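Colleague: Okay, sequence plus prediction incoming.
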Amino acid sequence: METTIHVEQLNKSYNEIPAVCNLNLQIKRGEVFGLLGANGAGKSTAIECILGTKTADSGRISVLGLNPKSHRKQLFERVGVQFQSTNYPDKIRVGELCEETMSLYKTFNDYHGLLEQFGLADKEKAFISELSGGQKQRLFIVVALISNPEVVFLDELTTGLDPKARRDVWRCLDKLKSDGLTILLSSHFMDEVEVLCDRIGILKRGELIFCGTIQEAINTSPYEKLEDAYLWFTDEEENEDEGL
Ligand SMILES: Nc1ncnc2c1ncn2[C@@H]1O[C@H](COP(=O)(O)OP(=O)(O)OP(=O)(O)O)[C@@H](O)[C@H]1O
C-alpha cells in the first residue's frame, strides 16, 4: 500500500532542549494513525514539523510524496488541518469563515453538507464567538475538510466535546476513513483511539517508544486494556519502581 506520510530521523529542539528525537514514521494511504503521549511528549511539535509549519532541525519528511517545506503550496491544496486553538477572529460568522476557507482552494467540498454532518447546520449565521467550545471544535474539523483533502491532521481531535458530540465526530471520521482519507490525529482519549485508529505511536519525552496496532500495544504490556497498556508505556515511575 502507498505511503502517504513518511518521516525519517526527525529531530526538533527548542533552545537546545529536545522535543522530538529521531522520529521515524510511515503512514499508509487510508490509514488512521493516532499519535499518543503525555502533555509535552512532543505530539504537536511532530505534527507541525510534518506539516511544515515548524522547521525540523534534521530529518526527512514527505507527505503525499511532497516535501512540506519546499512544496508548501501544492501540499496546502491536498491537506486539511484542524488547529488546536482558534486562529480565527471571533466577529466572523460560521458561514463567512467557510466561504473564506473555500476561496483559498481550487477544489472544495460543499460546506453546507459538512455543517450538516457535524451538527452545525443551524449555526451558519452565528458568530464564532457565540459557539460553545465543542461547537467551535467541530467547526474547525469542518474547516479542515472543506478543501476535500487527501490527508487530514487533527491535533487533539475531540478535546472539549461532550460524549455525544465525540461520538458524532467519530461517526463522521469513520465515514471519511471508508472514503479513503488518511488521518493523523493526536488524542488523550483511549476510547477514541480504540474506535478510530488502525495503528498508534506513543511518544515519551520526544521518543517514539511504541508503534503498532492497538492489539500489539496491549500484547506488549502485561495488561488487557489499551488505557492500562498506555499508562504502562508512559508511566516511567511505576516501571522504574517495578525494576527495583
Ligand atoms: N515554541 C516553543 N518554545 C519552547 N518550547 C516549546 C515550544 N513548543 C513546545 N515546546 C516544548 O516542547 C515539548 C513538546 O511540546 P508539544 O507541544 O509538542 O507536546 P504535546 O505532546 O503536543 O503536548 P500536549 O499534549 O500538552 O499538547 C514540551 O516540553 C514543550 O514545553
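Modeller: Arrived safely, thanks for sending. Here the structure is a predicted model, which means the values were calculated and not measured.
Colleague: Surely residue 190 is in contact with residue 230?
Modeller: Yes - shown here, residue 190 and residue 230 form a contact pair, counting by CB atoms under 8 Å, at 5.9 Å. To be clear about C-beta, it is placed using only N, CA and C from the backbone, and glycine gets the same treatment.
Colleague: do you know how far the nearest residue to residue 115 once chain neighbours are set aside is from the ligand?
Modeller: Nearest residue to residue 115, sequence neighbours excluded (CB to CB, 6 or more residues apart in numbering): residue 121, at 5.0 Å. Taken as CB to the nearest ligand atom, to the nearest Å, the spacing of residue 121 relative to the ligand amounts to 31 Å.
Colleague: Over to residue 188?
Modeller: If you measure residue 188 against the ligand using CB to the nearest ligand atom, the figure is 7 Å.
Colleague: ok, which stretches of this protein are helices?
Modeller: Listed in chain order, the helices of the chain (DSSP state H) span residues 43-51, 72-78, 94-102, 111-117, 133-145, 163-178, 190-196, 214-220, 226-234, 236-243.
Colleague: Name all residues that make contact with residue 62.
Modeller: Taking CB atoms under 8 Å, 6 or more residues apart in numbering as the criterion, residue 62 is in contact with 5-6, 68.
Colleague: give me the low-pLDDT residue ranges for the protein?
Modeller: Screening the chain residue by residue with the criterion pLDDT under 70, one finds the ranges 1, 83-87, 236-244.
Colleague: please redo it, this time with the cut-off set to 50
Modeller: Applying pLDDT under 50 to the predicted model, the residue ranges of the chain that meet it are 240-244.
Colleague: Looking at residue 190 and residue 230, which is more packed in?
Modeller: Set side by side, residue 190 and residue 230 show more neighbours around residue 230, with 24 against 20, by other CB atoms under 10 Å.
Colleague: From what I see, that one and residue 36 are in contact.
Modeller: Yes - in this structure, residue 230 sits in contact with residue 36. The criterion is CB under 8 Å, and the distance is 6.4 Å.
Colleague: which residues are in contact with both of those two?
Modeller: In the contact map built from CB under 8 Å, 6+ apart, the residues linked to both residue 230 and residue 36 are residue 202.
Colleague: how many other residues sit next to residue 59?
Modeller: Burial measure for residue 59: 17 neighbouring residues, criterion other CB under 10 Å.
Colleague: Give the full set of residues in contact with it.
Modeller: For residue 59, the contacting residues are 7-11, 23, 49, by CB under 8 Å, 6+ apart.
Colleague: Equivalent analysis for residue 88, please.
Modeller: Listed by CB under 8 Å, 6+ apart, the contact set of residue 88 reads 97, 128.
Colleague: how close does it get to the ligand?
Modeller: Distance of residue 88 to the ligand, given as CB to the nearest ligand atom: 20 Å.
Colleague: Quick one: name the residues of this structure near the ligand.
Modeller: Within reach of the ligand by CB under 6 Å from any ligand atom, the chain has these residues: 14, 19, 37, 39-45.
Colleague: how does it look with 5 Å?
Modeller: By CB under 5 Å from any ligand atom, the residues of the chain that approach the ligand are 14, 19, 39-45.
Colleague: Buried ones only from the residues you listed, please, as a ChimeraX command.
Modeller: With 16 or more other CB atoms under 10 Å as the burial test, the buried ones among these are selected in ChimeraX as follows:
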select :19,41,42,43,44,45
